[in-house]
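S.K.: Pasted the sequence and its predicted model underneath.
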Amino acid sequence: MSKPLLSVVITIYNEQDNIKPLLEATYESLNGMDYEVILIEDGSTDGTVSEVKKYANERTKLIIFNRNYGQTTALAAGIDMAIGEYIATMDGDLQNDPSDLPVMLKKAMDEEWDVVAGRRANRQDGFVLRKIPSKIANWIIRNTTKVYLKDYGCTLRVYKAEIAQGMGLYGELHRFIPVLAKQQGASMTEMDVKHHPRIHGESKYGLSRTFKVLADLILMLFFQKYFQRPIHLFGGIGIVSFMIGMLINFYLLILKLLGEDIWGRPIMILGIVLVLGGIQFITTGIIAEIIVRTYFESQNKKTYTIKSVFQGE
């Protein structure tokens, strides 16, 4: 296949009943355009693969993982495989509407944006379990990273290929893709897109993801602010910790010189242990993440294993 204008990357996991309407809607929306569709099957246990093979056209490629790796890894694999000038990403649950893709692509091309991000104007999800946690997460991410988008959770986005393929997706960083793109100097805008309620299958999102998002946020802030100068973070923490320790020791020395017994103060010992332990855990986590990135990038290794590839006919 020659280099298409648009590569559409769709992650799918146990979406058997959504495959046929998803592909029909995608093909109809992209009719007349030079495109390819890349479906990443993330270890489904239902009939998702057979449904894709039944309805895929000649512009569709199915990447089948040997097990479930998660959405970020699936997106990374699809983006790696894409050969289009622009790359679009979307979920396979039909809550995103493929008819938004031509409009977003036109906006990216006409106005020369590197990234056009979707913003769910009328989100069709539960208020308590989905909308409230999402709004809180969006507010925290927006105000800590200073990347001002309203909807970080919408997967429907269009990127210039060089931006998408330079982001380096690991772990569960898909929610922070705009931050990763901004780190590359990408120009970015948002536009309202359609959003539909899920009709078939079950959502893979829940409150448990909130803690993962917070953990990823700490990592993103580190990479955004301190990746090239980690001493500014660790040195600052070390100096503050050292000074507090010295003040405590000086205080204890004064008490000792005044004849008081400085032993047997469990709260003070507990506080010191907790502070040092917390710093040690966070530091260890960040260093481990850097080691993992270095391991994969220095040896050009992938974080996934492809079981097989199917080309539609």
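M.R.: Sure thing, it's come through.
S.K.: so how far is stretch 94-103 from its chain's centroid?
M.R.: Distance of stretch 94-103 from the chain centroid (C-alpha atoms, centre = their mean, to the nearest Å) equals 20 Å.
S.K.: Same check on stretch 157-169?
M.R.: With C-alpha atoms, centre = their mean, you get 12 Å for stretch 157-169.
S.K.: Could you pull out the buried residues of it?
M.R.: Arg157, Val158, Tyr159, Lys160, Ala161, Ile163, Ala164, Met167, Leu169 (16 or more other C-beta atoms under 10 Å). Quick note: C-beta positions are derived from backbone N, CA and C, even for glycine.
S.K.: Ile272 against Ile248, yeah?
M.R.: Yes - using C-beta atoms under 8 Å, Ile272 is in contact with Ile248, at 7.4 Å.
S.K.: re earlier: looking at the buried residues of stretch 157-169, which is nearest Ala88?
M.R.: Nearest to Ala88 among those: Val158, at 4.7 Å, using C-beta to C-beta.
S.K.: Let me know whether that closest one touches Gly84 as I believe.
M.R.: No - using C-beta under 8 Å, Val158 makes no contact with Gly84, being 10.3 Å away.
S.K.: which residues are common contacts for these two?
M.R.: In terms of C-beta atoms under 8 Å, 6 or more residues apart in numbering, Val158 and Gly84 are both contacted by the residues Leu6.
S.K.: coming back round to it: relative to Asp91, which of the buried residues of stretch 157-169 is nearest.
M.R.: Using C-beta to C-beta, those come closest to Asp91 at Arg157, 11.2 Å.
S.K.: Now do the contacts for that closest one.
M.R.: Contacts for Arg157 (C-beta under 8 Å, 6+ apart) come out as Ala88, Thr89, Met104, Val115, Val116, Ala117, Gly118, Ile177.
S.K.: Same check on Leu173?
M.R.: Thr72, Leu180, Asp216, Leu219, Met220.
S.K.: per-residue confidence for it?
M.R.: On the pLDDT scale, Leu173 is placed at 74.
S.K.: What of the one 4 residues further on?
M.R.: Turning to Ile177, the model gives it a pLDDT of 85.
S.K.: Around it, count how many other residues there are.
M.R.: 23 (other C-beta atoms under 10 Å).
S.K.: Flag every buried residue along stretch 59-67.
M.R.: Those would be Arg59, Thr60, Lys61, Leu62, Ile63, Ile64, Phe65, for stretch 59-67 by 16+ other C-beta under 10 Å.
S.K.: Name the strands paired with the helix or strand containing the fifth one and say parallel or antiparallel.
M.R.: What that stands for is Ile63. Using DSSP states H and E, Ile63 falls within strand 60-65. Sheet pairing of strand 60-65 (DSSP bridges) gives strand 35-41 (parallel), strand 306-311 (antiparallel).
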